[in-house]
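Student: based on what follows, work out the 3D shape:
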Amino acid sequence: MRESSVASKAERRPHAEVPFTLDEPAPRALGFWDQGAFWANLGVSLFAFSGAYTVLAPDENGRPTLSIAAGIVAMTVGTILGGLMLGLAAAPGARTGQPAMVLLRGLFGARLSYVPTVLNIAQLVGWGTFELIVIADAARRLWDGPPRWGYVIAAGILTTALTIWPLGSVRLLRRYVTAAVMVALVYFYVQLLREPLPDLTEGSWGGFWIGADAALAVSISWVPVAADYTRHARSARGAFGAAAVGYSATQIFAYVLGLLALALVAGDSAKVFDPFLGVTMGALFFAVFVLREADQSFANVYSTAVSIQNLIPRADRRVLTVALGAGITGLALLLDIGDYAAFLSLIGSVFVPMLGVLAADFFLGRGRRGWDTARDAPSRWGMIAAWAIGFVGYQLIYPGGVSWWAAFWQDVQGALGFTPQTWMSASLLSFLAAGLAAVLIGRPARPSQSTRVDAG
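Tutor: Below is the predicted model of the structure:
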């Protein structure tokens with residue numbers, strides 16, 4: 001389908017905003033640099049500092065099994081692979097003009113698309129809650145005068161405000177935030193590299209792919225929402241490049257900085273912010289990271305609302321985002337999410353194989369002939385089966401750190417006589433297995449004279 005058939009000239013207004021419901025077509029208002037800045041900002045996160053230890057493949061007691069040097073290499077490999085996968089998820093949104101979960105109607109069918117939609121809503125609520133917690137904790141490191149709940153509420157209000165004008169928020173990031181973030185990153189690199197670093201090679205390379213998969217999972221966490229933003233892109237090629245390159249480059253830059261900080265505090269993740277705050281003007285530049293972290297929570301809340309619209313197409317996104325903003329603020333006041341490694345493993349095992357199915361079917365199968373995103377799109381159980389094959393493959397290789405879940409899959413491994421090898425990447429192999437299954441299971445659809453893309 002030619003992109004010009006999806007978006008009219010009216011829909012390409014540079015300052016257009018997202019319609020309130022799915023009844024109206026998405027404006028193609030984002031150029032390459034708008035998108036590139038958006039993904040670059042998402043690649044720089046406080047999680048790259050507070051959760052840097054996850055790419056060191058911590059054992060069940062939380063002790064890193066990789067050296068810092070090995071962790072940097074594993075993170076780089078995982079991020080590049082994850083960035084390419086993110087680009088693959090971005091392109092279909094630009095081609096069809098549909099948000100991510102509506103796009104899945106063409107893959108699984110309208111009703112079956114509700115399954116990944118509900119899973120996506122759950123993981124986005126988790127991420128949104130986690131981001132408010134991170135913002136509040138980091139803000140208290142800057143100034144511990146106000147109570148924690150005050151920072152949580154302030155972050156929740158800012159997050160909700162950004163979701164009311166989502167495309168305006170993306171343009172705001174490009175114009176004012178990206179440059180400040182880049183300056184802060186460079187400043188901290190200069191300052192931390194002046195500190196006496198320990199031996200970064202001390203440790204092993206065992207668990208390399210566990211570390212790579214942890215970094216890949218952070219990238220993959222954006223895969224189920226990528227089309228929510230790239231449906232506003234002016235070209236599929238630009239959407240792919242902006243997502244793959246913009247996100248990967250800054251995530252690598254940020255994670256290396258986080259791992260250097262971790263090395264300076266002898267691997268104590270609870271003190272990873274100390275090196276940033278201990279340098280000259282560190283508080284000022286660290287405040288840039290804290291303030292811009294709201295773009296992470298904004299993206300999670302906005303995409304949760306758009307995902308809900310796949311279930312309720314005529315729901316007003318403004319009402320949804322206000323309710324969701326209040327909801328995650330309440331959860332952040334009550335909860336403390338700390339088990340990053342298990343959370344990332346769960347995200348990877350669900351959404352990596354789903355992307356494998358989508359990429360295979362969209363670029364090699366049905367997507368070349370037409371992509372049905374109507375409300376009555378027929379169910380495609382074969383694609384669900386392909387997704388399940390990839391999920392099982394992931395669990396057989398790396399079932400994660402939840403003891404009862406891991407024990408179950410270890411029993412399955414024993415029954416099958418299967419022993420995971422150290423060279424096996426759960427993410428990469430499950431992606432390939434799911435994609436291959438989708439190609440083999442998929443059946444050619446009858447050519448239709450017109451492509452249905454009605455999401456309403």
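
Student: which other residues reach stretch 402-419?
Tutor: Ala342, Gln395, Leu396, Pro399, Gly400, Pro420 (C-beta atoms under 8 Å, 6 or more residues apart in numbering). The C-beta positions use only the backbone N, C-alpha and C, and glycine is treated the same way.

Student: neighbours of the fourth one, how many?
Tutor: Neighbours of Pro399 under the rule other C-beta atoms under 10 Å: 20.

Student: again with Pro313
Tutor: 15.

Student: please tell me I have it right and Ala294 contacts Leu162.
Tutor: Yes - proximity of Ala294 to Leu162 meets the contact threshold set by C-beta atoms under 8 Å, at 6.4 Å.

Student: quick revisit: buried subset of the contacts of stretch 402-419?
Tutor: Using 16 or more other C-beta atoms under 10 Å as the burial test, the contacts of stretch 402-419 include Gln395, Leu396, Pro399, Gly400, Pro420 as buried.

Student: closest to Leu56 among those?
Tutor: Nearest to Leu56 among the buried ones among the contacts of stretch 402-419: Gly400, at 16.2 Å, using C-beta to C-beta.

Student: ok but that closest one is inside a helix, no?
Tutor: No - assignment of Gly400 by DSSP: H, G, I helix; E, B strand; the rest coil gives coil, placing it outside any helix.

Student: distance of Glu293 from Ala180?
Tutor: 13 Å (C-beta to C-beta, to the nearest Å).

Student: which one's more surrounded, these two?
Tutor: Legend: neighbour count by other C-beta under 10 Å for Glu293 and Ala180, higher for Glu293 (24 against 15).

Student: pLDDT at the residue nearest to Ala215 when sequence neighbours are not counted, what is it?
Tutor: Setting aside the residues directly before and after it, Ala215 is nearest to Gly78 in space (C-beta to C-beta, 6 or more residues apart in numbering), at 3.3 Å. Listed pLDDT for Gly78 reads 93.

Student: contacting residues around Gly78?
Tutor: Residues in contact with Gly78 (C-beta under 8 Å, 6+ apart) are Val55, Gly211, Ala212, Asp213, Ala214, Ala215, Leu216, Ala217, Ser219, Ser427.

Student: sec struct for it, please.
Tutor: helix.

Student: I'd like to know how far the residue lying closest to Leu355 once chain neighbours are set aside sits from Ala243.
Tutor: Nearest residue to Leu355, sequence neighbours excluded (C-beta to C-beta, 6+ apart): Val223, at 5.2 Å. Val223 sits at a distance of 10 Å from Ala243 (criterion: C-beta to C-beta).

Student: out of those two, which sits in the more crowded spot?
Tutor: Legend: neighbour count by other C-beta under 10 Å for Val223 and Ala243, higher for Ala243 (33 against 24).

Student: quick one: which helix or strand includes the spatially closest residue to that one that is not a sequence neighbour?
Tutor: With C-beta to C-beta, 6+ apart as the criterion, Ala243 has its nearest non-adjacent residue at 4.0 Å, and that residue is Ala90. Using DSSP states H and E, Ala90 sits in helix 68-96.

Student: off-centre distance for that helix?
Tutor: Between the centre of helix 68-96 and the centre of its chain there are 10 Å (C-alpha atoms, centre = their mean, to the nearest Å).

Student: also stretch 420-440?
Tutor: 20 Å.

Student: in that stretch, what counts as buried?
Tutor: 420, 425-438.

Student: what mean pLDDT does that stretch have?
Tutor: 91.

Student: can I get it as PDB, trimmed to CA atoms?
Tutor: Output in PDB follows, covering the C-alpha atoms of stretch 420-440 (Å, rounded to 0.1, in the frame of the first residue of the first chain):
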ATOM      1  CA  PRO A 420      20.700 -24.400  27.200                       C
ATOM      2  CA  GLN A 421      24.100 -23.500  26.000                       C
ATOM      3  CA  THR A 422      26.000 -20.400  26.900                       C
ATOM      4  CA  TRP A 423      26.000 -19.100  23.300                       C
ATOM      5  CA  MET A 424      22.200 -19.200  23.100                       C
ATOM      6  CA  SER A 425      20.400 -15.900  23.200                       C
ATOM      7  CA  ALA A 426      16.800 -16.400  24.400                       C
ATOM      8  CA  SER A 427      15.700 -13.200  22.600                       C
ATOM      9  CA  LEU A 428      17.400 -13.700  19.300                       C
ATOM     10  CA  LEU A 429      16.500 -17.400  19.000                       C
ATOM     11  CA  SER A 430      12.900 -17.000  20.100                       C
ATOM     12  CA  PHE A 431      12.500 -14.100  17.500                       C
ATOM     13  CA  LEU A 432      13.800 -16.300  14.700                       C
ATOM     14  CA  ALA A 433      11.800 -19.400  15.800                       C
ATOM     15  CA  ALA A 434       8.500 -17.300  16.000                       C
ATOM     16  CA  GLY A 435       9.200 -15.700  12.600                       C
ATOM     17  CA  LEU A 436      10.000 -19.000  10.900                       C
ATOM     18  CA  ALA A 437       6.900 -20.600  12.400                       C
ATOM     19  CA  ALA A 438       4.800 -17.600  11.100                       C
ATOM     20  CA  VAL A 439       6.100 -18.200   7.600                       C
ATOM     21  CA  LEU A 440       5.500 -21.900   7.700                       C
END
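
Student: circling back to that earlier point, show me what the next helix-or-strand element following the helix holding Ala90 is in contact with.
Tutor: Where DSSP H and E defines the elements, the next helix or strand beyond helix 68-96 is helix 100-103. Helix 100-103 has contacts (C-beta under 8 Å, 6+ apart) with 22, 89, 92-93, 96, 113, 116-117, 120, 224-228, 303, 306-307, 309-310, 358, 371, 373, 455.

Student: SS state for Thr419?
Tutor: With three-state DSSP as the criterion, Thr419 reads coil.

Student: how many neighbours does Gln307 have?
Tutor: In this structure residue 307 is Ser, not Gln. For Ser307, using other C-beta under 10 Å, the count is 27.

Student: now do the contacts for Met281.
Tutor: Tyr187.

Student: for it, phi and psi?
Tutor: The phi/psi pair for Met281 (degrees, to the nearest 10) reads phi 60, psi 20.

Student: what's the pLDDT at it?
Tutor: Reported pLDDT for Met281: 93.

Student: Ile157 now?
Tutor: 96.

Student: before we move on, which element is it in?
Tutor: helix 148-164.
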